[in-house]
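Chemist: Any chance you can model this:
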Amino acid sequence: MPVKPTKAMVLAAGFGLRMRPLTDKMPKPMVPVAGQPLLDHVLDKLAQAGVTEAVVNVHYLPDQIIAHTRARQHPRVTISDERDQVLGTGGGVVKALPLLGDAPFFHVNSDTLWIDGVRSNLTRLAENFDPASMDILLLMAPTATSIGYNGRGDYGMLPDGSLRKRKEKEIVPFVYAGAAILSPKIFEGAPQGEFSLTKMFDRAGEQDRLFGLRLDGVWMHVGTPDAVHAAEEAFLESVA
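Modeler: Numbering: from 1, shown residues only. From the prediction side, this is the model:
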């Protein structure tokens, strides 16, 4: 049976170092792209996919994010405050688990940006997540058609959607698009304190419970100030 997550974890605690000088006085999730902050693009997509509560973690310049999301109702935002500690992408989720509950939940980077194709990619993730065979389902963007990305990719994907991590000198056709569905049980026995979420991806992969879904649409890697302009041009073209 497909799942219908009503909760989401949104990672918004990073320093945004490569986005300087835009992030000297503003956290990266608040950087505007095509008329609204990156964070709002993500929260709007979550609302459209049926999410009613988003847990947003904060660390760098947290008060701006807290103030911006305070009045939001769709989804409602609960803050996981990490201003006194650096927990990394994995440790941040572990801290927020009591707020996320026992069911699979959406996990989205606050700085990921994509243009949906015919249907919502988050809805497609929910429809394709099978708790019996998966602990993690990642939204995967083809590197060849992504905007602002020039890396070697993250994973190869088999016909059944199972993922194989890129070897050191290998080039693979898919990059993680910053959106996923995670089962909380993958965090059983997870490290305490700071660690990367990729550790959990690797754990699920070792157990053959890491899968991917090809993104329908266009993914944009908004990592630098120059990439903001490229993303805005893509948005304008999509509504032209």
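Chemist: Can you pull up the most central residue in this structure?
Modeler: Val108 (2.4 Å; Cα atoms, centre = their mean).
Chemist: what's the single longest helix in this protein?
Modeler: Longest helix of the chain, by residue count under DSSP state H: helix 225-239.
Chemist: And that helix, what's buried?
Modeler: Ala227, Val228, Ala231, Glu232, Ala234, Phe235 (16 or more other Cβ atoms under 10 Å). (Glycine included, C-beta is placed from N, CA and C.)
Chemist: ok, now which ones touch Val108?
Modeler: Neighbouring residues of Val108 by Cβ atoms under 8 Å, 6 or more residues apart in numbering: Ala8, Met9, Val10, Leu11, Val42, Lys45, Leu46, Gly178, Ala179, Ala180.
Chemist: shouldn't the last one be in contact with Ile136?
Modeler: Yes. With contact defined as Cβ atoms under 8 Å, Ala180 and Ile136 form a contacting pair (6.1 Å).
Chemist: Let's have the buried residues of helix 225-239 in a markdown table, adding distance to Gly148 and pLDDT.
Modeler: Shown next, in a markdown table, are the buried residues of helix 225-239 (distance: Cβ to Cβ, whole Å; pLDDT from 0 to 100):
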| residue | distance to Gly148 | pLDDT |
| --- | --- | --- |
| Ala227 | 4 | 84 |
| Val228 | 9 | 86 |
| Ala231 | 7 | 86 |
| Glu232 | 11 | 86 |
| Ala234 | 9 | 84 |
| Phe235 | 13 | 81 |
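Chemist: and which of the residues you listed is nearest Met26?
Modeler: For those, the residue nearest Met26 by Cβ to Cβ is Val228; the value is 12.3 Å.
Chemist: Grab the nearest non-local neighbour of the closest one.
Modeler: Nearest non-adjacent residue to Val228, counting by Cβ to Cβ, 6 or more residues apart in numbering: Val33, 5.6 Å away.
Chemist: can you check Gly16 too?
Modeler: Excluding its sequence neighbours, the residue lying closest to Gly16 (Cβ to Cβ, 6+ apart) is Lys28, at 3.0 Å.
Chemist: now swap in Ser146 and tell me
Modeler: Closest to Ser146 by Cβ to Cβ, 6+ apart is Trp219, at 4.8 Å.
Chemist: now the strands for this protein?
Modeler: 7-11, 32-33, 36-37, 53-58, 76-81, 105-109, 112-116, 136-142, 155-157, 163-165, 174-182, 210-214, 217-221 (DSSP state E).
Chemist: mind checking which of those strands is nearest Gly92?
Modeler: Short answer: strand 53-58, nearest of the strands of the chain by Cβ to Cβ, at 4.5 Å.
Chemist: buried ones in the closest one?
Modeler: So, applying 16+ other Cβ under 10 Å, buried residues of strand 53-58: Glu53, Ala54, Val55, Val56, Asn57, Val58.
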